[in-house]
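can you look at this prediction? I've put the sequence above it.
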Amino acid sequence: MDKAVAGVMANAAANIDMSRHRFCWAIAVVLGLVSIVLASRIMVGGVVGTSPDGRAAIIVTPAERDLVLEEMRGLLEAVQTIIVANNAGDLNTVAVAGRKVGRANMGPQSAEFAARLPMGFRKLGMDTHLRFDQLALDAEQFGSTEQVSQQLGELTGNCVACHRAYRLVASDPG
Ligand code: HEC
């Protein structure tokens, strides 16, 4: 093999090496981007953007939206029952209404659905259920209508905070 041929072959080998390197880099970059996208999906859950009214839009199926809204109407009902019963000094009814929307009676949403919800949303939701439990327990233990009223005021701050921050937007039927 003369020198010129050897030189060409060496060059070709170096080129193949270079393009292998580039290929590896490309794969690394693509994998990196994929992990960033996956990680951000896990972190922000189903939020895909801001709705025109400025709130974060959580994309859910129509059935999931119906489930959440049904649970919401249950929360409003509990608030109303608690106010009326508390005004009448009926702390037993206050406790029953609070427990009905407490942790043990949370909505039947699947774990997969919960995992798609933004962390802030899940925290506020869980805290709300726990506060209803606490209100029920304290109503029984202390029998103080002032305390119930105070706790209900604080608890409904969660309703306001969540409604201010999030919207549920139904995707295609699924
Ligand atoms: C973790 C978040 C969160 C909390 C906490 C929360 N809500 Fe909601 N609620 C929502 C979302 C999201 C909607 C749908 C809003 C939309 O898509 O415009 C909603 C809707 C509702 C609706 C409308 C139901 C329907 O059928 O259209 C009612 C009533 C309601 N909430 C009551 C309450 C009450 C009362 C509380 C507090 C005791 C509460 N919510 C706490 C997130 C929350």
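Right, received. Where do you want to start? Numbering: from 1, shown residues only.

break the protein down into its structural domains.
The chain resolves into domains spanning 3-44, 50-170 when parsed by automatic domain parsing.

looking at those domains, which is buried most?
Comparing the domains of the chain by mean neighbour count (mean count of other Cβ atoms under 10 Å), domain 50-170 ranks first with a mean of 16. No exception for glycine: its C-beta is placed from N, CA and C like everyone else's.

next, the distance between the ends of that one.
The first residue of domain 50-170 is 14 Å away from its last residue (Cα to Cα, to the nearest Å).

likewise for stretch 53-63?
23 Å.

can you tell me if that stretch touches the ligand.
No: Stretch 53-63 lies out of reach of the ligand by Cβ under 6 Å from any ligand atom, never closer than 6.7 Å.

as JSON lines, the domains of the chain with mean pLDDT would be great.
Putting the domains of the chain into JSON lines (pLDDT from 0 to 100) gives the following:
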{"stretch": "domain 3-44", "mean pLDDT": "69"}
{"stretch": "domain 50-170", "mean pLDDT": "94"}
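
now for residue 165: which residues touch it?
The neighbours of residue 165, taking Cβ atoms under 8 Å, 6 or more residues apart in numbering as the test, are 55-56, 120-121.

wait, residue 59 touches residue 171, no?
Yes: between residue 59 and residue 171 there is a contact at 5.1 Å, judged by Cβ atoms under 8 Å.

report the secondary structure state of residue 49.
Following DSSP: H, G, I helix; E, B strand; the rest coil, the label given to residue 49 is strand.

contacts only, for residue 73.
Contacts of residue 73 (Cβ under 8 Å, 6+ apart): none.

next: the one 10 residues further on.
Residues near residue 83 by Cβ under 8 Å, 6+ apart: residue 152.

do you know how far it is from residue 163?
Taking Cβ to Cβ, to the nearest Å as the measure, residue 83 falls 18 Å from residue 163.
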